[in-house]
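Visitor: Everything below, folded, please.
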Amino acid sequence: MTVGVISHHQCLTHDMGDHHPEAPARMAAIQDQLIRSGLDYVIKQFDANPIDKELLYLAHDKNYIESIFANAPSEGTYNVDDDTVMNPNTLNAALLSAGAAKDAVDLVMSKEISSAFCATRPPGHHAEYDKGMGFCFFNNVAIAAAYAKEKYKLKRVAIVDFDVHHGNGTENIIKDKKGYLFCSTYQYPFYPFEVQESTKPPIINTPLAATTKSNDFRHAILEHWLPALNKFKPQIIFISAGFDAHIEDDMSQVCLVDEDYRWVTDQIRDIAEKYADGRIVSVLEGGYALNALGRSAVAHINGLIGY
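Guide: Residues are numbered from 1 along each chain as shown. A predicted model of the protein is given here:
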């Protein structure tokens, strides 16, 4: 399968401080591993385009978007919350990150590629309808999913999220809308804390205990995600691809390994091939142990390819 990787060097210019875990080095770590693995010769690489402002309204309150644009600093910083900080380059990087996900939809729907991985930042899955939080400004996945429904008239859109933190923003945006299925695994109790376990579509929330290892994670996917996805029969699948549940990542206490990300991607790809003509759009979320992040992203991309 032809897989595209969409990125942009200007996403490196968003910087929230020397000791902030959501750092520019994350993108460099993924690119280094793509080169080391030889995947850079296999994938198709694309530069992201900034998203049109109006498309942000598909998932966000207009007043919130206007406030982000109005407060984007020309110098210094602006705090959306304690750990979500804008510098003079953040708005452009966030528009590119959301634009990459939108571009990915167009590329897979036109069949130029079968699936895509957006190696961009800032991430998005904590951004709610009317507020940013948790390192996130715009909800890239939710925007792209809404765009896919509007532009291509898709009736069944699935979003799956294996970041170690619950995708509260995505749930907040899509929970009362028709035509969505959202599946999330996450450590609990853990940030963002106020999460309701759910086994009833359209929300499948599956908490994982601290120290969860491969077998329990895989059981959760087999027990909760796959039956819901098979019943839903998605026409496209979006992935919030966070790699911070890795055993080497100090951000959490879940103990996954590289092979788990390959395995879960295989399961998602099988569903996409069965119902969605293979269409997958994956977007980088968390992952802060740089070596593990790069390796896990490569395992994930190999899963998209089907090697």
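Visitor: Bridge partners for the residue nearest the centre of the chain, pull those for me.
Guide: Nearest to the mean C-alpha position of the chain, by Cα atoms, centre = their mean, lies S240 at 2.6 Å. Applying DSSP bridges to S240 gives these bridge partners: D161, V283.
Visitor: Looking at V195 now. What's its pLDDT?
Guide: V195 is assigned a pLDDT of 87 by the prediction.
Visitor: Correct me if wrong: the residue nearest to the centre of the chain contacts V164.
Guide: No - using Cβ atoms under 8 Å, S240 is not in contact with V164, being 11.1 Å away. For the C-beta atoms, the positions are set from N, CA and C on the backbone; glycine is no exception.
Visitor: For K149, which non-adjacent residue is spatially closest?
Guide: Residue nearest to K149 in three dimensions, not counting chain neighbours: V157, with 5.7 Å by Cβ to Cβ, 6 or more residues apart in numbering.
Visitor: And the top helix by length along the chain, what does it pack against?
Guide: Identified as the longest helix of the chain according to DSSP state H is helix 90-109. When contacts are defined as 3 or more Cβ pairs under 8 Å, 6 or more residues apart in numbering; DSSP states H and E, helix 90-109 sits against strand 3-7, helix 53-56, helix 62-71, strand 115-118, helix 140-152, strand 236-241, strand 280-284.
Visitor: and T185, which of those is closest to it?
Guide: Smallest distance to T185 across these (Cβ to Cβ): 10.6 Å, for strand 236-241.
Visitor: Enumerate every residue touching P122.
Guide: Listed by Cβ atoms under 8 Å, 6 or more residues apart in numbering, the contact set of P122 reads C11, H14, E22, T90, A93, A94, S97, F135, C136, F137.
Visitor: Check the first one and give its pLDDT.
Guide: Looking back up the chat, that one is C11. Model confidence at C11, given as pLDDT, is 98.
Visitor: And for the last one?
Guide: According to the predicted model, the pLDDT of F137 comes to 98.
Visitor: That one: how many residues sit nearby?
Guide: F137 has 30 neighbouring residues, counting by other Cβ atoms under 10 Å.
Visitor: With the third one instead?
Guide: For E22, the count of nearby residues is 22 (other Cβ under 10 Å).
Visitor: ok, for it, nearest residue in space, not its chain neighbours?
Guide: Closest residue in space to E22, ignoring its immediate chain neighbours: F135 at 4.3 Å, by Cβ to Cβ, 6+ apart.
Visitor: list the contacts for that neighbour?
Guide: For F135, the contacting residues are M16, E22, D83, T84, P122, P123, H126, G286, by Cβ under 8 Å, 6+ apart.
Visitor: could you redo the last one with a cut-off of 7 Å?
Guide: E22, D83, T84, P122, P123, H126 (Cβ atoms under 7 Å, 6 or more residues apart in numbering).
Visitor: Mind putting the helices and strands packed on helix 90-109 into CSV with distance to K175?
Guide: What follows is the helices and strands packed on helix 90-109, written out as CSV (distance: least, Cβ to Cβ, whole Å):
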stretch, distance to K175
strand 3-7, 27
helix 53-56, 19
helix 62-71, 17
strand 115-118, 23
helix 140-152, 11
strand 236-241, 15
strand 280-284, 19
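Visitor: Can you check which of the ones you listed gets nearest to R262?
Guide: Across the helices and strands packed on helix 90-109, R262 has its closest neighbour in strand 236-241 (12.1 Å, Cβ to Cβ).
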